[in-house]
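> No letters, just coordinates:
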């Protein structure tokens, strides 16, 4: 058993959706979470800037003697995961990706929307993933500017969010069987998204797959812990209200 924490980071509060999934299947693991709210959103940044941010985030988390690192940000995973694995070969490094394979398996031949940040959608990594499946189903890339900021303000399920989403999804009404939530912030807006799209459109995100991969990698390395399951929340923005929102989001059902 290894009581060192799992380090998790994201551009802000979004990665807490991944933390919730990790806690669900690994309730005894200690977790240190870093939200880089002072530099949110990551989705509009260049790949070079994102790599710089990710390395800074990881250096901070490594001061807690972490035994594994989870990049709970789709954009940062696209931009930095290979460099982070090369930089820290002795650390388990896990990234999160849009749940496109799961969507394809469930809706083979259907219409799949992928909501994500502009950065994630234009990365070669995502393009390669998409082209594995777009021959036998219709895949729509749906950038969602502004939604991350609403989540960070605690307005994920608000009239403002619903208005933004209605405008965003207007061109795709009737075309979608499923929507992949390709940013860890977006599951917090799932209720508003479902109201706009209707209950007939399924929503999927990569949090569960990331949690299961974390459990697999820790078990493989003999690092699973039967401990207290403490979660420590930290943030780059020195504002207690940010941590209060993080605690609320983490405990939200």
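Looks like it arrived, so ask away. The model shown is predicted, which means the values in this text are computed figures rather than measured ones.
> Residue 11 reaches residue 36, doesn't it?
Yes. Using Cβ atoms under 8 Å, residue 11 and residue 36 qualify as a contacting pair, with a distance of 5.2 Å. Where C-beta positions appear, they are placed from N, C-alpha and C, glycine not excepted.
> who's more crowded, those two?
In this view residue 11 and residue 36 are compared by other Cβ atoms under 10 Å, and residue 11 has more residues nearby, 32 against 24.
> Please report how far that one lies from residue 48.
The spacing between residue 11 and residue 48, counted by Cβ to Cβ, to the nearest Å, is 16 Å.
> Kindly report the same for residue 172.
With the distance defined as Cβ to Cβ, residue 172 ends up 32 Å from residue 48.
> give me the number of residues near residue 244?
In terms of burial, residue 244 registers 12 neighbours under the definition other Cβ under 10 Å.
> Three-state assignment for it, please.
helix (DSSP: H, G, I helix; E, B strand; the rest coil).
> quick one, what contacts it?
Under the criterion of Cβ atoms under 8 Å, 6 or more residues apart in numbering, residue 244 has no neighbours.
> burial count for residue 133?
Per other Cβ under 10 Å, the neighbour tally for residue 133 reads 16.
> so is it in a helix, a strand, or just coil?
The assignment at residue 133 comes out as coil when based on three-state DSSP.
> Backbone dihedrals for it, both of them.
The phi/psi pair for residue 133 (degrees, to the nearest 10) reads phi -120, psi -10.
> For the residue lying closest to it once chain neighbours are set aside, give me its contacts.
Leaving aside its chain neighbours, residue 133 sits nearest to residue 104 (4.3 Å; criterion: Cβ to Cβ, 6 or more residues apart in numbering). Under the criterion of Cβ under 8 Å, 6+ apart, the neighbours of residue 104 are 112, 133, 136-137.
> pLDDT of the strand or helix carrying residue 104, averaged?
With the criterion set as DSSP states H and E, the secondary-structure element containing residue 104 is helix 100-106. In this model, helix 100-106 carries a mean pLDDT of 84.
> The chain should start at 41 in everything you say after this.
New numbering, starting at 41: the last item is helix 140-146.
> May I see the buried residues of that helix?
Buried positions in helix 140-146, judged by neighbour count with 16 or more other Cβ atoms under 10 Å: 140, 142-144.
> what would the residues you listed look like in a markdown table with distance to residue 55?
Conversion of the buried residues of helix 140-146 to a markdown table gives the following (distance: Cβ to Cβ, whole Å):
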| residue | distance to residue 55 |
| --- | --- |
| 140 | 19 |
| 142 | 19 |
| 143 | 21 |
| 144 | 25 |
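> Of those, just say which sits nearest to residue 59.
residue 142 (20.0 Å; Cβ to Cβ).
> Would you confirm that that closest one contacts residue 245?
No. Using Cβ under 8 Å, residue 142 makes no contact with residue 245, being 9.5 Å away.
> re the thing from before, ok, the buried residues of helix 140-146 vs residue 72, which is closest?
So of these, ranked by how close each gets to residue 72 (Cβ to Cβ), first place is residue 142, at 28.1 Å.
> Look up the closest residue to that closest one, ignoring the ones flanking it.
Distances taken as Cβ to Cβ, 6+ apart place residue 244 nearest to residue 142, at 5.7 Å, with adjacent residues excluded.
> measure that neighbour to residue 146 for me?
8 Å.
> joint contacts of the two?
Common neighbours of residue 244 and residue 146 (Cβ under 8 Å, 6+ apart) are residue 218.
> for the residue nearest to residue 142, which residues make a bridge with it?
Beta bridges link residue 244 to residue 220 when assigned by DSSP bridges.
> Quick check, it in contact with residue 221.
Yes. With the criterion set as Cβ under 8 Å, residue 244 and residue 221 qualify as a contacting pair; they are 6.7 Å apart.
> Thank you kindly, that will do.
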